[in-house]
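> Just the structure for this:
(chains A, B and C)
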Amino acid sequence: MDVSHILDSLNTEQREAVTADAGPLLIQAGAGSGKTRVLTHRIAWLNQVEGVSPFSILAVTFTNKAAGEMRTRVQELLNSSIGPMWVGTFHGLSHRFLRMHWKEAKLPQAFQILDSEDQKRMVQRSIRGLDLDETRWPPRTAMWYINAKKDEGLRPEHIRDEGDPTELQLIQIYKAYQTACDLAGAVDFAELLLRALETLRDNEELLQHYQQRFQHVLVDEFQDTNTIQYAWLRLLAGQHSSIFAVGDDDQSIYGWRGAKVENILNFSHDFPGTHVIRLERNYRSTGTILKAANSLIEYNSDRLGKNLWTDIGDGDPITFYSAYNEGDEANFVIERVMDHINTGGSRSETAILYRSNAQSRVLEEALFRSGLPYRVYGGMRFFERMEIKDALAYMRLMSLADDDISFERAVNQPPRGIGDKTLGQIRNAAREAGVSLWHASAEILAANALKGRASKAVGEFMKLIIKLRQETADMALDSMVEHIIEHSGLLEHYKKDRSDKGEARVENLQELVGAASTPPEVPDDMPDMTPLDAFLSNAALEAGENQGDEWEDCVQLMTLHSAKGLEFPVVFITGMEQGLFPSQRSIEESGKVEEERRLCYVGVTRAERKLYLTMAEHRRLYGKDHFSAPSKFISEIPSEHLQEIRPRMNVSRPMLQTPQRKAATVRDDNKTGLTVGQRVRHSKFGEGTVTDYEGQGAHARVFVNFESVGSKWLVMAYANLEVLSTA
DNA sequence: TTCTTACCTCTTTTT
DNA sequence: GAGGTAAGAA
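Next up is the predicted model:
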């Protein structure tokens, strides 16, 4: 058989991985070493050379984008559809499993998926139901707790009682929340995985079937798996399947949401006879960029260790620019983007990366002024918009009336006279009877327990849902959506809002009709699923693109996290400031800086030809002023690879004038001799920058951002600060 | 009940 | 700076 189309484009190590015998395999794949290529070619090899049926192959990734890309590339290689092969995200495949086996999973057939916002509301409802003070038990925190436990595979009853009252209360909230979810037939993201795992584990027959079926399990981005995902993999792979894991411990950047790099280290123990292959040859970046990345990541301990190399030459040095403020930083970036375009490059070859989404605003404003088209990744996505979620709530209620979150959302949107008081009565009745809001409403109405007006409104609402369900039963999905937004009153409601926002909402609602005209593909193994449920699940699992015009040639803006897996000829990493990147939080918690460094490593290795690192000495963020030293990561890149550009002296410094003047007043008042922005040295904490002040005379305190220990308030009278320079 | 306003907190990353 | 909540007015 001719296998050249599978092997010809591969180097020795890649080929070794692709053609390896059955058995556990761990591929340590460095950035840009062709890991997706190895994965897809492995699948092609298994199918075309080893004769493995697509039916027996499962390949899993983290993002929809990666899954989609894998699917496309495999189809290209096989020159046919992937058919019954399971290729998708952990969440997508778990969802598929639960739809197929909803009975065994003890879920209603039309179970609904809660996105993060739905989940937060559900948690909030549970907290209120327990009569707890929301300021003491913020829904956000409780939600994080619940998700963290689920990611560990823990149910409330599994959590060890340490006698900590805070934790005990959180466990109670978790319990109440889970009860509410089960009652409503709602499943959150973490639950998809946990429920699938439990169902598989507790059903010998199912387990046997799937373990026998999936002879080959392939995982991408293995370093990002959390406890439950790893357990899921181990259970599915069983004793006899071949597991093929591709990952890079240096690119583990999701520790904060439970990812365990340790899974890579434990792999060889858990799968005896594991063969490890390293891919260190990089096909993406210049020698300079790789050397910088290698040096940077060397500062981390606990690495498996690897060194990227290339033979394409060193290329340009990395440029470092220290701007006066974020506006200056943005202008510098834009000028360099313009340079790139003027020398024949395209806009989409440039990417501007940042640590947090809040940083994008200034960049966007500057890009807008310069007339450069750009595209921002992240932020609000289509199916997360308020008006879209309103419409989806109606659709979800039509599919499953017990969905309490959708009930609460739709019941008075548009306003129909069902206020807090009425809703409160319904909630209480539901809680007491242990039934859904829908169910409780019906009983309250039957018992005539509401005042005339409220009673009428609730009755009309319920009739509306039933009527919508009947009227749309035989409609195509898009006509259905059109009918719903029209007859629910949502469209009219938003049309009344004459502002730009209102107009945009109306447009989005109309776009939802368009989205429904191309419903998602339902795999053959989920025959029970209605097009409506398929559409709703898809909306939750793939919240859609954020802002469009993908086809247009534009500058790419995104966080460092969302840049993982991508590559660009020209990359800017902005906000290279101590306290921002690495973030203040990571500096304060020991051991967290390593993950930030890996994030930086990810950013650096995105660049193919040219990398720019920029910082702003002064930045306004969240309405506060920050004066920062350069990120420590800058100093961890060997200076021979760095070329520092000095700011031009004729640039005005408007942002600096206000704090300076303010500081001047302080100087007169408290005679500290210090100004905001000034460099100082403390005998214990080392060097830092004054970022704020407070009080006068003997009580005067200054806020100093120290490079080594972060920001601290110091009383002038005791601090004994040594002044290093004037601001 | 609904709409408006003032105040408060909380700021990373996302399936 | 935004988003959410609470309180007050129509």
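> per-domain residue ranges of chain A.
As assigned by automatic domain parsing, chain A contains the domains A:4-102+A:193-280, A:112-184, A:291-380+A:550-649, A:382-543, A:658-727.
> ok, the second one near DNA strand C or not?
In this case it means domain A:112-184. Yes. Domain A:112-184 reaches DNA strand C (CB under 7 Å from any atom of the strand) through A:124, A:134. In short, each C-beta sits where N, CA and C put it, glycine included.
> just how off-centre is that domain within its chain?
Taking CA atoms, centre = their mean, to the nearest Å, one finds domain A:112-184 lying 21 Å from the centre of the chain it belongs to.
> still on that earlier bit, which stretch in the domains of chain A has the least confidence?
Lowest mean pLDDT of the domains of chain A: domain A:658-727, a mean of 56.
> mind listing what's buried in the lengthiest strand in chain A?
For chain A, the longest strand by residue count, based on DSSP state E, is strand A:607-621. Counting neighbours by 16 or more other CB atoms under 10 Å, one finds that the buried residues in strand A:607-621 are A:607-619, A:621.
> now do stretch A:266-278
Under 16+ other CB under 10 Å, the buried positions of stretch A:266-278 are A:267, A:271, A:277-278.
> mind saving the C-alpha coords of it as CSV?
C-alpha atoms of stretch A:266-278 as CSV (Å, rounded to 0.1, in the frame of the first residue of the first chain):
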residue,chain,number,x,y,z
ASN,A,266,1.5,10.1,36.1
PHE,A,267,0.8,8.9,32.6
SER,A,268,3.7,6.4,32.5
HIS,A,269,2.7,5.0,35.8
ASP,A,270,-1.0,4.6,34.9
PHE,A,271,-0.3,3.1,31.6
PRO,A,272,2.6,0.7,32.0
GLY,A,273,4.9,0.3,29.0
THR,A,274,4.4,3.9,27.9
HIS,A,275,6.6,4.9,25.0
VAL,A,276,7.7,8.6,25.1
ILE,A,277,8.6,10.5,22.0
ARG,A,278,9.8,14.1,22.0
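> any idea where the helices of the stretch 501-650 of chain A begin and end?
For the stretch 501-650 of chain A, the helices defined by DSSP state H, counting those that start in this stretch occupy A:531-541, A:560-563, A:584-588, A:593-604, A:632-635.
> Of all these, which one comes closest to A:Ile573?
Among the helices of the stretch 501-650 of chain A, the nearest to A:Ile573 by CB to CB is helix A:593-604 (4.7 Å).
> What lies in contact with that closest one?
The contact list for helix A:593-604 (CB atoms under 8 Å, 6 or more residues apart in numbering) reads A:31, A:250-253, A:255-256, A:289, A:292-293, A:296-297, A:299-302, A:353, A:355, A:560-561, A:563-564, A:571, A:573, A:581-583, A:586-587, A:611, A:631-633, A:636.
> Helices of the stretch 151-300 of chain A, start to end?
For the stretch 151-300 of chain A, helices defined by DSSP H, counting those that start in this stretch occupy the ranges A:165-184, A:189-202, A:204-213, A:227-237, A:262-270, A:287-297.
> Tell me which residue in the stretch 201-350 of chain A sits closest to DNA strand B.
Here the residue of the stretch 201-350 of chain A nearest DNA strand B is A:Trp256; by CB to the nearest atom of the strand that distance is 3.9 Å.
> Spit out the contact partners of that residue.
A:Trp256 sits next to A:Glu595 when contact means CB under 8 Å, 6+ apart.
> Could you measure from it over to A:Ser583?
Relative to A:Ser583, A:Trp256 is positioned 11 Å away (CB to CB, to the nearest Å).
> cool, A:Lys149 as well?
On the measure of CB to CB, A:Lys149 and A:Ser583 end up 25 Å apart.
> Could you do A:Gln510 as well?
40 Å.
> ok, now A:Thr518?
40 Å.
> what about the two, which has more around it?
Ranked by neighbour count (other CB atoms under 10 Å), A:Thr518 and A:Ser583 place A:Ser583 first, with 19 against 9.
> My understanding was that that one contacts A:Ala358; is that so?
No. With contact defined as CB atoms under 8 Å, A:Ser583 does not reach A:Ala358; the gap is 11.6 Å.
> So out of everything in chain A, what residue is nearest DNA strand C?
Counting by CB to the nearest atom of the strand, chain A gets nearest DNA strand C through A:Gly623, at 3.5 Å.
> Can you name the residues that contact A:Thr605?
Here A:Thr605 is in contact with A:31-32, A:282, A:284-285, A:289-290, A:293, A:308 (CB under 8 Å, 6+ apart).
> Same check on A:Pro638?
A:Pro638 makes contact with A:291-292, A:295 under the criterion CB under 8 Å, 6+ apart.
> rerun at 6 Å
By CB atoms under 6 Å, 6 or more residues apart in numbering, the contact set of A:Pro638 is A:Ser295.
> Phi, psi for it please.
For A:Pro638, the backbone dihedrals (degrees, to the nearest 10) come out as phi -50, psi 140.
> which bits of chain A sit near DNA strand C?
Residues of chain A lying near DNA strand C by CB under 7 Å from any atom of the strand: A:124, A:134, A:622-623.
> Buried ones only from those, please, as a PyMOL command.
The buried subset of those, as determined by 16+ other CB under 10 Å, is captured in PyMOL by this line:
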select buried, chain A and resi 124
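> from the residues of chain A next to DNA strand C, which is closest to A:Leu236?
A:Gln124 (34.7 Å).
> Just give the closest residue to that closest one, not the sequence neighbours.
Nearest non-adjacent residue to A:Gln124, counting by CB to CB, 6 or more residues apart in numbering: A:Pro139, 4.0 Å away.
> residue contacts, the one you found?
For A:Pro139, the contact set (CB under 6 Å, 6+ apart) comprises A:120, A:123-124.
> cool, and A:Arg681?
Taking CB under 6 Å, 6+ apart as the contact definition, A:Arg681 lies against A:687, A:722, A:724.
> do A:Glu722 as well
With contact set as CB under 6 Å, 6+ apart, A:Glu722 has these partners: A:Arg681.
> ok, how many other residues are close to the closest residue in space to A:Val49 that isn't next to it in sequence?
For A:Val49, ignoring the flanking residues on the chain, the nearest one in space by CB to CB, 6+ apart is A:Val3 at 5.7 Å. Other residues lying near A:Val3 total 13 when counted by other CB under 10 Å.
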